[in-house]
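In: Turn this into a structure:
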Amino acid sequence: MELQKMNGHSKEEGFDGLDVMAEHEEFLPHKTGAKKETHFTDFEGKTSFGMSVFNLSNSIMGSGILGLAFAMSNTGIILFIVLLLSIAILSAYSIHLLLKCAGVVGIRAYEQLGNRAFGSMGKIVAACVITIHNIGAMSSYLFIIKSELPLVIQAFLGSDANSEEWFLNGNYLIIIVSISIILPLALMKQLGYLGYTSGLSLTCMVFFLISVIYKKFNIDCPLDHPNMTVIADDHVATNKTSDFCEAKMFTVNSQTAYTIPILAFAFVCHPEVLPIYTELRDATKKRMQGVANISILAMFVMYLLTALFGYLTFYGDVESELLHTYSRLGLKDILILCVRFAVLVAVTLTVPVVLFPIRRALLQILFPDKPFHWARHAAIAFCLIFLVNLLVIFVPSIRDIFGIIGATSAPTLIFILPGIFYVRIVPDDQEPLLSRPKIQAAGFAALGFIFMIMSLSFIITDWVTGASRSAGGH
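Out: Presented below is the predicted three-dimensional model:
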């Protein structure tokens, strides 16, 4: 019932025989001309390769891009590049494990891989992790809308910063944006249709990157501003020596520990991989791996350039959110105003893409045997958006909650579940338990547990010492 046709694609170079046979046995009906009941996962693959790249790239690109320059300031350029490259490679390998599992058993739903590996409990755990992580991601996007949209409107209208007009209230604005833009997009039946909005979203972020590069050559360091030494989260730049505006190649400080979590969260896209695979035209494992590799490479380049030029603009004085640092130039800076608007468009159009895997996870748990129904489809979207709006409006200290969610869900989605699924699902007659691929997958899962324990330890230590300064998030 979760199975998907292979769209007539019978052979693909690079597949081993067992993978092809397994996919075809599961994905094609056993009797020619026989009709099977259509379920919500049984979409025909109609999304082009390019649109799939847009969708997956858009799901990778999160609000964490605004915190990467801050991360680089706490590691130095060389260490940052090494960490960023390592996380990108590990993320691509993780997707390879997921696609391998999906090819062996003919299942293209993350939750159903959990069901195949560990039964109903595995299915529930996978669905819960996806739901928690993506709700956190949706909330982070709406928080950006809540904080940045009033500033854009204020700059356009020339309103007083202390104005209490309703249209400058971020709580009202996120409700309006959710109802008028996010909800209609979330009601689309298939994720593939969002390829056009994903393309627009990525275009906005490319504009953001170009602006960051341009501003590097138009802003002198240090900024001549009376509040220059005070930056986000009460972080005070104490190094005002002559080398303050010199780039550091390698550095370690109290904030360096947060760099790996920030980078890991920035590459989480795994809940969206299998839905995008399901809707890919002429879907094969090799073709979908190509989509993933191109998307990860594109985001690696964007992340690296954004972090590098943002850091080289403000050096040790860069804030935990890059846009806040540019606020020192004043709200009337036209280019930065356009950048704010572009980022708002990008995060707004990303929310529906992130919502799709949550809805799929809930459908897998609550209505696994039910065919697609518009009322159910729309009701889940409305309830999710309503819940996220409540979180953003009424929970002022959501950053700490995101820290716990991110420290647990990101390593689970990237490392732990793909590694464990691979060990459990790939047959022993195809790859023995002590074969190199399975040992690598087990080590990959173990790395995820280490990463989780490390992240939680740093967060709890910050809470205990009262010095929480974590930045960014996917």
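In: what about stretch 85-97, distance to the chain center?
Out: Relative to the chain's own centre, stretch 85-97 is displaced by 14 Å; criterion: CA atoms, centre = their mean, to the nearest Å.
In: Same check on stretch 441-461?
Out: In terms of CA atoms, centre = their mean, the centre of stretch 441-461 is set 19 Å apart from its chain centre.
In: try stretch 378-389
Out: For stretch 378-389, the distance to the chain centre is 19 Å (CA atoms, centre = their mean).
In: in it, what's buried?
Out: Under the neighbour-count criterion of 16 or more other CB atoms under 10 Å, stretch 378-389 has Ile380, Ala381, Leu384, Ile385, Val388, Asn389 buried. Backbone N, C-alpha and C define where each C-beta goes, glycine included.
In: Give me the helices and strands touching the longest helix seen in the chain, please.
Out: The longest helix of the chain (DSSP state H) is helix 120-157. For helix 120-157, the packing partners by 3 or more CB pairs under 8 Å, 6 or more residues apart in numbering; DSSP states H and E come out as helix 110-118, helix 170-177, helix 270-279, helix 334-366, helix 374-394, helix 398-411.
In: circling back: looking at the buried residues of stretch 378-389, which one is closest to Ser320?
Out: Val388 (22.1 Å; CB to CB).
In: Neighbours of Ile262, how many?
Out: For Ile262, the count of nearby residues is 24 (other CB atoms under 10 Å).
In: thought it was touching Ala71?
Out: Yes - if you go by CB atoms under 8 Å, Ile262 and Ala71 touch, sitting 4.9 Å apart.
In: still on that earlier bit, nearest to Val206, of the helices and strands packed on helix 120-157?
Out: Here helix 334-366 is closest among the helices and strands packed on helix 120-157 (CB to CB), at 8.9 Å.
In: mind checking how far that closest one is from the chain centre?
Out: Taking CA atoms, centre = their mean, the mean C-alpha location of helix 334-366 is offset from the chain mean by 10 Å.
In: now the angle from it to helix 120-157?
Out: Relative orientation of helix 334-366 and helix 120-157, computed by axes from the mean of the first three to the mean of the last three CA atoms, to 10 degrees: 160 degrees.
In: same for helix 334-366, what does it pack against?
Out: Right, helix 334-366 is packed against helix 49-60, helix 110-118, helix 120-157, helix 183-186, helix 195-216, helix 270-279, helix 322-326, helix 374-394 by 3+ CB pairs under 8 Å, 6+ apart.
In: quick one: buried residues of that helix?
Out: Applying 16+ other CB under 10 Å to helix 334-366 flags 336-337, 339-365 as buried.
In: go on, stretch 166-180?
Out: Leu168, Gly170, Leu173, Ile174, Ile175, Val177, Ser178.
In: now Leu90: how far from Leu84?
Out: As judged by CB to CB, to the nearest Å, Leu90 and Leu84 stand 11 Å apart.
In: Those two: who's more crowded?
Out: Using other CB under 10 Å as the criterion, Leu90 and Leu84 rank with Leu84 on top: 22 against 18.
In: what does the average pLDDT come to for the longest helix of the chain?
Out: Averaged over helix 120-157, pLDDT sits at 85.
In: what inclination does it have with respect to helix 49-60?
Out: Using the same axes, to 10 degrees: helix 120-157 against helix 49-60 is 90 degrees.
In: buried sites along helix 120-157?
Out: Quick answer for helix 120-157 (16+ other CB under 10 Å): 122-124, 126-146, 148-152, 154-155.
In: I'd guessed Ser94 sits against Thr412; true?
Out: No - the criterion here is CB under 8 Å, and Ser94 misses it with Thr412 at 11.1 Å.
In: contact partners of stretch 196-213?
Out: Applying CB atoms under 8 Å, 6 or more residues apart in numbering, the contact partners of stretch 196-213 are 51, 54-55, 57-58, 61, 65, 185, 302, 305-306, 309-310, 313, 322, 335-336, 338-339, 342-343, 345-347, 349-350, 352-353.
In: Could you dump the helices and strands packed on helix 120-157 into a markdown table and include distance to Ile459?
Out: Below are these laid out as a markdown table (distance: least, CB to CB, whole Å):
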| stretch | distance to Ile459 |
| --- | --- |
| helix 110-118 | 26 |
| helix 170-177 | 26 |
| helix 270-279 | 22 |
| helix 334-366 | 23 |
| helix 374-394 | 19 |
| helix 398-411 | 5 |
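In: Looking at those, spot the one closest to Asn253.
Out: helix 398-411 (18.8 Å).
In: now the stretch 351-474 of the chain, which segments are flagged as low pLDDT?
Out: 396-403, 406, 466-474 (pLDDT under 70).
In: tell me how far stretch 370-388 is from the chain's mean position?
Out: Distance, stretch centre to chain centre, for stretch 370-388: 22 Å (CA atoms, centre = their mean).
In: Can I get it in PDB, CA atoms only?
Out: The C-alpha coordinates for stretch 370-388 follow below in PDB (Å, rounded to 0.1, in the frame of the first residue of the first chain):
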ATOM      1  CA  LYS A 370      -6.800   5.200   4.000                       C
ATOM      2  CA  PRO A 371      -6.800   6.500   0.400                       C
ATOM      3  CA  PHE A 372      -6.100  10.200  -0.300                       C
ATOM      4  CA  HIS A 373      -8.900  12.500   0.900                       C
ATOM      5  CA  TRP A 374      -8.900  16.300   0.500                       C
ATOM      6  CA  ALA A 375     -10.600  17.000   3.800                       C
ATOM      7  CA  ARG A 376      -8.000  15.000   5.800                       C
ATOM      8  CA  HIS A 377      -5.200  16.500   3.700                       C
ATOM      9  CA  ALA A 378      -6.400  20.100   4.400                       C
ATOM     10  CA  ALA A 379      -7.300  19.500   8.000                       C
ATOM     11  CA  ILE A 380      -3.800  18.300   8.900                       C
ATOM     12  CA  ALA A 381      -2.200  21.300   7.100                       C
ATOM     13  CA  PHE A 382      -4.500  23.800   8.900                       C
ATOM     14  CA  CYS A 383      -3.900  22.200  12.400                       C
ATOM     15  CA  LEU A 384      -0.100  22.100  11.900                       C
ATOM     16  CA  ILE A 385       0.000  25.800  10.800                       C
ATOM     17  CA  PHE A 386      -2.300  26.700  13.700                       C
ATOM     18  CA  LEU A 387       0.000  24.900  16.200                       C
ATOM     19  CA  VAL A 388       3.200  26.500  14.900                       C
END
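In: circling back: distance from the longest helix of the chain to the middle of the chain?
Out: Distance, centroid of helix 120-157 to centroid of chain: 10 Å (CA atoms, centre = their mean).
In: Fine by me, we can end here.
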